[in-house]
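**Q** A structural model of the following input is requested.
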Amino acid sequence: MSSTNITAAIPINKPWIGEEERHEVMHVLEENALTSAAKDGGKRVRDFESLLRDHLKVKHVIAVNSGTTSLYAALLSAGVKQGDEVLLPSFTFVATANSIVAAGAKPIFVDINKDDFTIDVSRLKAKITKKSKAIIPVHLYGHPSDMDEIIELCNTHSLDLIEDACQSLGSVYKKKQTGTMGIMGCFSLYASKVLTCGEGGAIATDNDNLADKLKMIRNHGMVEGYDTRVFGLNFRLPELSAAVAKAQMNKLPKMLDLRRQNAELLTEMLFPIVDKSKIKVPQETQEKKFNWYLYTIAFEENNIRDKIKEKMINDKIGVAIYYKPPVHKTPYYDRLVSSDKNNNNLDKTEWASEHVLSLPVHPSVTNQDIERMVESIKKHNSVS
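**A** Residues are numbered from 1 along each chain as shown. Here you go, the predicted model:
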């Protein structure tokens, strides 16, 4: 291993961009068709939607300009409004909650499982009220939520199920792609994600009426010209972004395979020190297969995680903490929900925010990088 490789920084995320993306972008520039206000979007938008639709095996995919937009548009299309309550985990990126507030509804935070950091169904059931309108499970870090139990709850209480699959493109629950089991699934194409175009998002659905409504919502509620029929905004995905996403779709199987190889090697190399170091590593089950968006470990001992994070960063390893604080502890949401008794009992969420650490396993990570990560954890965990 050369000294250059030893000192090179390992970023937590890195887009895998190559000639395919450059080629597609140059075609858009040559054609001078940067975007389209047509109901069905521009040519590259339609191409990307078709590729993602085939991958997910759904009837419709509607591309939009961010993962946040995908969540907000989904809530609007489902008729979520003021006075409604939407249940979600607090251990997520704030966009999930922000989208609920933007739609006029109230977020009801639910605790998580410590095994995979997804929503705890037993806690979820206890927080359903007459005001509940929808449930948004978050497949955090690419870990699928317990979908059978969530679907049963939604059916029993007549609730809409909208999946936050922003981090889980390529993850599978009982051989079904995440984002395809609710009435809608929302995806992010942000620069850090498994598949990216810088900024972008998509909504998957098998419902024809919702698909038509979503196409209007992303385009100021219009269908033909200035004929606004529902409330909407400019949520369109530009052609330049769609061109990158289209090229990325053709590389998705390879990118997912490289992430899996890296994750499996990391697990193998960490295994001898897991028990001794009191580290919990992510583990798939027969029902749940990950896309390995992030490889998130948990240090069982208190006051260890932050010290190790700083030491690993000093070793030029781009580890990161997602999410501290959890949403309900951020200043805005603390003011919004702290007086509501239905937004308490989040002890496992708060535990996770103080104990988890995410490691890079993106396609650019090498075997030597993984060796560096493991050696850094071993060294610093023994002296922390």
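**Q** need the next SSE after the helix or strand of the chain with the lowest mean pLDDT, C-terminal direction.
**A** In the chain, no helix or strand scores lower on mean pLDDT, DSSP states H and E than helix 3-7, which sits at a mean of 50. Sequence order places helix 19-31 as the next helix or strand after helix 3-7, per DSSP states H and E.
**Q** State the pLDDT value of the most centrally placed residue in the chain.
**A** For the chain, the residue nearest the mean C-alpha position is Gln167 (2.1 Å; Cα atoms, centre = their mean). Note for Gln167: predicted pLDDT of 98.
**Q** sec struct for the residue nearest to it when sequence neighbours are not counted, please.
**A** Excluding its sequence neighbours, the residue lying closest to Gln167 (Cβ to Cβ, 6 or more residues apart in numbering) is Tyr293, at 4.9 Å. Backbone N, C-alpha and C define where each C-beta goes, glycine included. Counting by DSSP: H, G, I helix; E, B strand; the rest coil, the backbone at Tyr293 sits in coil.
**Q** Can you verify my assumption that Tyr293 contacts Tyr141?
**A** Yes. Contact criterion Cβ atoms under 8 Å: Tyr293 and Tyr141 qualify, at 5.8 Å.
**Q** which residues are in contact with both of the two?
**A** Common neighbours of Tyr293 and Tyr141 (criterion: Cβ atoms under 8 Å, 6 or more residues apart in numbering): Gln167.
**Q** helix or strand for Ala202, which one?
**A** Per DSSP H and E, Ala202 falls inside strand 201-205.
**Q** What are the buried residues along the helix or strand that comes right after that strand?
**A** Scanning forward in sequence from strand 201-205 by DSSP H and E, the next helix or strand is helix 208-217. Using 16 or more other Cβ atoms under 10 Å as the test for burial, helix 208-217 gives Leu210, Ala211, Asp212, Lys213, Leu214, Lys215, Met216, Ile217.
**Q** quick check: angle from helix 208-217 to strand 201-205?
**A** On the basis of axes from the mean of the first three to the mean of the last three Cα atoms, to 10 degrees, helix 208-217 is oriented at 160 degrees to strand 201-205.
**Q** Tell me which stretches of the stretch 251-384 of the chain form helices.
**A** Along the stretch 251-384 of the chain, the stretches classed as helices by DSSP state H, counting those that start in this stretch are 305-314, 331-337, 347-355, 367-383.
**Q** chain center to the third one, what's the gap?
**A** Offset of helix 347-355 from its chain centre (Cα atoms, centre = their mean, to the nearest Å): 19 Å.
**Q** That helix versus helix 305-314: what angle between them?
**A** Using the same axes, to 10 degrees: helix 347-355 against helix 305-314 is 40 degrees.
**Q** Mean confidence (pLDDT) on helix 347-355, please.
**A** Averaging pLDDT along helix 347-355 gives 97.
**Q** For that helix, give me every contacting residue.
**A** Taking Cβ under 8 Å, 6+ apart as the rule, helix 347-355 contacts 89-91, 109, 111-114, 117, 120, 298-300, 302, 305, 321, 323-326, 328-329.
**Q** just to revisit the earlier point, export the buried residues of helix 208-217 as JSON lines, with columns for pLDDT and distance to Lys130.
**A** Below are these laid out as JSON lines (pLDDT from 0 to 100; distance: Cβ to Cβ, whole Å):
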{"residue": "Leu210", "pLDDT": "98", "distance to Lys130": "24"}
{"residue": "Ala211", "pLDDT": "98", "distance to Lys130": "30"}
{"residue": "Asp212", "pLDDT": "98", "distance to Lys130": "30"}
{"residue": "Lys213", "pLDDT": "98", "distance to Lys130": "26"}
{"residue": "Leu214", "pLDDT": "98", "distance to Lys130": "28"}
{"residue": "Lys215", "pLDDT": "98", "distance to Lys130": "32"}
{"residue": "Met216", "pLDDT": "98", "distance to Lys130": "30"}
{"residue": "Ile217", "pLDDT": "98", "distance to Lys130": "27"}
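**Q** residues near Leu124, how many?
**A** When neighbours are defined as other Cβ atoms under 10 Å, Leu124 has 22 of them.
**Q** Can you list the buried residues in the helix or strand where it lies?
**A** In the assignment (DSSP H and E), Leu124 maps to helix 121-126. Going by neighbour count (16+ other Cβ under 10 Å), the buried part of helix 121-126 is Val121, Arg123, Leu124, Lys125.
**Q** got the contact list for the closest residue to the third one other than its chain neighbours?
**A** By that I understand Leu124. With Cβ to Cβ, 6+ apart as the criterion, Leu124 has its nearest non-adjacent residue at 4.9 Å, and that residue is Val110. Taking Cβ under 8 Å, 6+ apart, we find Val110 in contact with Leu87, Leu88, Pro89, Ser90, Ile119, Asp120, Arg123, Leu124, Lys127, Leu346.
**Q** Now the buried members of the residues you listed.
**A** Burial by neighbour count, 16+ other Cβ under 10 Å: within the contacts of Val110 this picks out Leu87, Leu88, Pro89, Ser90, Ile119, Asp120, Arg123, Leu124, Lys127, Leu346.
**Q** now, which of those sits nearest Val223?
**A** Ranked by distance to Val223 (Cβ to Cβ), the buried ones among the contacts of Val110 are led by Leu88 at 31.4 Å.
**Q** The helix or strand harbouring that closest one pairs with which strands, and in what direction?
**A** Using DSSP H and E, Leu88 sits in strand 85-89. With DSSP bridges as the test, strand 85-89 is paired with strand 106-110 (parallel), strand 132-135 (parallel).
**Q** Give me the buried positions along the following helix or strand past that strand.
**A** Per DSSP H and E, the first helix or strand lying C-terminal to strand 85-89 is helix 95-102. Neighbour counts over helix 95-102 (16+ other Cβ under 10 Å) mark Ala95, Thr96, Ala97, Asn98, Ser99, Ile100, Val101 as buried.
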